[in-house]
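Novice: Here is a sequence together with a model predicted from it:
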Amino acid sequence: MSSLLFVTRTFAVLAVGFSSLCALTATGVIMPSGTTTQVTGKLTFSGRPVQQATIVFTPKGTQSAEYWGAGMTDADGNFEVSMGGSESGLKAGAYTVRLLPETSTPSDREDAPTQFRRRIPTRFYDDKTSEIGVEIAPGAALHLEIELPEGPGA
């Protein structure tokens, strides 16, 4: 009888632990684990690729800086995300996506990609105003097609 009671208690603890894990994942808290999901994508604005832009993935629901990720777009707007600047991919969870703003002062001598990036609405440069969010599931690779819409905040 005591073995049956032990199994029942163990199952109840596992069930409570599993439901807590599901609740945390459902609310978008980043779950630490040993694996990452490979994240690639393409960034466009007004139907054109955004070149030489840094795209940043900031975790929602946590202040931990170790789970952020970023990537640099190429000439076709393609990017691959590295977590914390080193490990490829991202941990499972919910992320806000934003761009890093231009750091130089605008000038007439800027190259075409820089001039094009300056037309992107400023709301996409801040975690609080970017309306781009993504949920990363554990496991398989994920490819994102991100089209930045024109509109207010330019």
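Specialist: That came through, no problem.

Novice: now stretch 91-104: mean pLDDT?
Specialist: Mean per-residue pLDDT for stretch 91-104: 86.

Novice: Confirm for me that residue 66 is in contact with residue 84.
Specialist: Yes. Between residue 66 and residue 84 there is a contact under CB atoms under 8 Å: 5.6 Å. In this view, the C-beta of every residue, glycine as well, is placed from N, C-alpha and C.

Novice: Would you map the helices across the chain?
Specialist: Shown for the chain, the helices assigned by DSSP state H span residues 2-26, 112-117.

Novice: Return the member of those helices having the minimum mean pLDDT.
Specialist: Per-segment mean pLDDT for the helices of the chain reaches its minimum on helix 2-26, at a mean of 32.

Novice: I'd like to know the beta-bridge partner residues of the residue nearest the centre of the chain.
Specialist: By CA atoms, centre = their mean, the chain has its centre lying nearest to residue 57, at 3.2 Å. In this entry, residue 57 is beta-bridged to residue 69, residue 97, by DSSP bridges.

Novice: Quick one, grab the pLDDT at it.
Specialist: 94.

Novice: So for stretch 109-118, what gets flagged as buried?
Specialist: In terms of neighbour count (16 or more other CB atoms under 10 Å), stretch 109-118 has its buried residues at 114, 116, 117.

Novice: cool, and stretch 88-108?
Specialist: Neighbour-count burial for stretch 88-108 flags 89, 90, 91, 92, 93, 94, 95, 96, 97, 98, 99 (criterion: 16+ other CB under 10 Å).

Novice: Any chance of CSV for the residues you listed, columns distance to residue 51?
Specialist: Formatted as CSV, the buried residues of stretch 88-108 follow (distance: CB to CB, whole Å):
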residue, distance to residue 51
89, 23
90, 23
91, 28
92, 30
93, 29
94, 28
95, 23
96, 22
97, 17
98, 17
99, 12
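
Novice: which pair in those spans the largest distance?
Specialist: Pairwise distances across the buried residues of stretch 88-108 peak at 23.1 Å for 92 and 99 (criterion: CB to CB).

Novice: what's the neighbour count on the closest residue to residue 70 other than its chain neighbours?
Specialist: Among residues not flanking residue 70 along the chain, residue 56 sits closest, at 4.8 Å (CB to CB, 6 or more residues apart in numbering). A count of nearby residues for residue 56, using other CB atoms under 10 Å, gives 18.
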